[in-house]
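A.B. asks: Need coordinates for the below:
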Amino acid sequence: RITLDHPLLGVGPDRFQSAFHRAKPPICPEDVSSAHHAPLDFIATLGLGGLAWAAMVIAASVGLARVMLHGGAGSRRSELNDTGQDDAGLDPLAPTQWRLLGLAAALPALAGAYTEMQIATIEGAAVRIFAAASAVVVLVALVALGQRRPSWLHASCAMGLWVVLLHGLLDVTLVWPNAAPWMGVAIGLACVMSQPGRVRARPAWPAWIGAAGTLSGAGVIGVATFATVLPWESRLRDAGRPFGPLREATLVLSSPTPDIGTASQILGRALGRAVPPNPASVQRALGEAMSASSERAIVQLQAASDLMPGHLATARALGRTEATFAGAAASSGLVAARRVARVRPGSATAWNWLAQAERLYATGSVAPSASLDAAIRSAELSPYDWTSAARAARALEGAGEMDRARIWAQTALDRAPLSRLDPLRLPSASELTELEEIVKAP
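C.D. replies: Residues are numbered from 1 along each chain as shown. Below you'll find the model as predicted:
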């Protein structure tokens, strides 16, 4: 239904979930962000362009299956050189090649260690070292296999790529924004791997197709990682780093035997001055450290939100931190919330957060009209969700707009039975009573 409603251009990347909300059967409790099927996801989100990608996935899968069935590059003759001799006795790897193999095995481990730097443990480091060593062993075994039986290695690689493409028919992984480029790499490699050997006159795929797919996927991964993802993660780490001493001091003070002296030393290092070891001074120092840490965190979260303008969790963290510690005079969190709603106009969650942000930054006791409009938009984008309708009804009741509040309260009551397949989402008795009172209110 989603594809038929948007056949040419699709619903757009990252908009499958909102389209699914409108197209699914009303009683369906699922809340998915993908079709869990890479080709169908491509078609639904990208239209005709996605159809072309889906065709490449299917064609590449067929080609890889042919490689597996026929033992690599075509036949036993692919293992013979031009003189008819077996290539089993190939030259050993040069030192530079061994270094490249080690680097290929170490890079993923180093990248993972960098991204998990703030939560690293001795056990985690040991696992990474073991994984890197295991990767080297596997690479050496693959090189040895490739020297003795090139067709076996060809077929094994084809099988691995085929499994990756097959996985895309069952799960959501390959259509996530951070994993989707690898699908392009897999398709490009599949095009290369599915070429026959010298036993056939014409290749099944032009070489440039495989090279273009592989290089484009790798290029997207590199640009996205180094230009956006790594700086964004760095800003988030910098936002959380100032709270480390606060957390440490709080743990010391909340232990069964609070140590005021140790807490004062921790806070003194964080503030850059001496903190007297008495309860009153430590409490004041905690407040000062919280204020200073929040100011630094807000700056970093602003930068992170600028790097990822559509990332809802980052905008939410910025808004809550700023509204709590900087007050209504600041507005970058509200700007970020509005920007997320603008970047993701079909996301009910984004509009729901915008409604909350407009309320957080409001100076009066009554929710501003922008907050009410965002709450209603969120409820409209979730046509079978009673909770969004209930939030809109409560917001309208608080603003004194009882006519619209009664409409949305009744809508929430009408939607509530649709959650019966997911009992945890059913409204409680008190929630039903509250909605019924809004409906009956004069």
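A.B. asks: Could I get the contacting residues of residue 350?
C.D. replies: By CB atoms under 8 Å, 6 or more residues apart in numbering, residue 350 lies in contact with 312, 340-341, 343-344. The C-beta positions use only the backbone N, C-alpha and C, and glycine is treated the same way.
A.B. asks: Show me the helices in the stretch 201-350 of the chain, by range?
C.D. replies: Under the criterion DSSP state H, counting those that start in this stretch, the stretch 201-350 of the chain contains helices at 207-224, 230-240, 243-253, 260-271, 279-307, 312-325, 332-343, 348-360.
A.B. asks: Which other helices and strands does the fifth one contact?
C.D. replies: Helix 279-307 is packed against helix 230-240, helix 243-253, helix 260-271, helix 312-325, helix 332-343, with contacts defined by 3 or more CB pairs under 8 Å, 6 or more residues apart in numbering; DSSP states H and E.
A.B. asks: who touches the longest one?
C.D. replies: Just to be clear, that refers to helix 312-325. By CB under 8 Å, 6+ apart, the list of residues contacting helix 312-325 reads 232, 236, 239, 290-291, 294-295, 297-298, 301-302, 304-305, 308, 330, 332-334, 336-337, 339-340, 344, 347, 349-350, 353, 356-357, 360-361.
A.B. asks: repeat for the last one
C.D. replies: Helix 332-343 is contacted by residues 298, 302, 305, 309-312, 314-316, 318-323, 347, 350-351, 353-354, 357-358, 360-361, 374 when judged by CB under 8 Å, 6+ apart.
A.B. asks: tell me which residues in it are buried?
C.D. replies: Going by neighbour count (16 or more other CB atoms under 10 Å), the buried part of helix 332-343 is 332-341, 343.
A.B. asks: Equivalent analysis for the fourth one, please.
C.D. replies: Along helix 312-325, the positions that meet the burial threshold by neighbour count (16+ other CB under 10 Å) are 312, 314-323, 325.
A.B. asks: before we move on, what about stretch 341-361?
C.D. replies: Within stretch 341-361, the residues that count as buried by 16+ other CB under 10 Å are 341, 343-344, 346-361.
A.B. asks: swap in stretch 412-427?
C.D. replies: Result for stretch 412-427 [16+ other CB under 10 Å]: buried residues 412-413, 415-416, 418-419, 427.
A.B. asks: hang on, residue 33 is in a strand, isn't it?
C.D. replies: No - read with DSSP: H, G, I helix; E, B strand; the rest coil, residue 33 is coil and lies in no strand.
A.B. asks: hmm, back to that, check the buried residues of stretch 412-427 for the minimum pLDDT and say which it is.
C.D. replies: The weakest per-residue confidence within those falls on residue 419 (83).
A.B. asks: of the helices and strands packed on helix 279-307, which approaches residue 431 most closely?
C.D. replies: Shortest distance between residue 431 and these, using CB to CB, is found for helix 312-325: 23.7 Å.
A.B. asks: Correct me if wrong: residue 242 contacts residue 296.
C.D. replies: Yes - using CB atoms under 8 Å, residue 242 and residue 296 qualify as a contacting pair, with a distance of 4.9 Å.
A.B. asks: Compare the two (neighbour count), which wins?
C.D. replies: Here residue 242 and residue 296 are set side by side on neighbour count (other CB atoms under 10 Å), and the busier one is residue 242, at 18 against 14.
A.B. asks: The more buried one and residue 411: what is the separation?
C.D. replies: Here the distance between residue 242 and residue 411 works out to 44 Å (CB to CB, to the nearest Å).
A.B. asks: next one: residue 274
C.D. replies: Remark: distance between residue 274 and residue 411 (CB to CB) = 60 Å.
A.B. asks: For those two, indicate the residue with more neighbours.
C.D. replies: residue 411 (21 against 12).
A.B. asks: tell me the contacts of the more buried one?
C.D. replies: With contacts defined as CB under 8 Å, 6+ apart, residue 411 is in contact with 379, 389, 393.
A.B. asks: Please identify the helix or strand for it.
C.D. replies: helix 402-415 (DSSP states H and E).
A.B. asks: Need the residues that contact the helix or strand just after that helix.
C.D. replies: On the C-terminal side of helix 402-415, the nearest following helix or strand under DSSP H and E is helix 429-440. By CB under 8 Å, 6+ apart, the residues outside helix 429-440 that reach it are 390, 393-394, 397, 402, 405-406, 409-410, 412-413, 416, 427.
A.B. asks: avg pLDDT for helix 429-440?
C.D. replies: Helix 429-440 comes out with an average pLDDT of 92.
A.B. asks: Kindly report the same for stretch 58-76.
C.D. replies: 60.
A.B. asks: Burial check on residue 388, number of neighbours?
C.D. replies: Every residue meeting other CB under 10 Å relative to residue 388 is counted, giving 27.
A.B. asks: helix or strand for it, which one?
C.D. replies: Since the elements are taken from DSSP H and E, residue 388 ends up inside helix 386-398.
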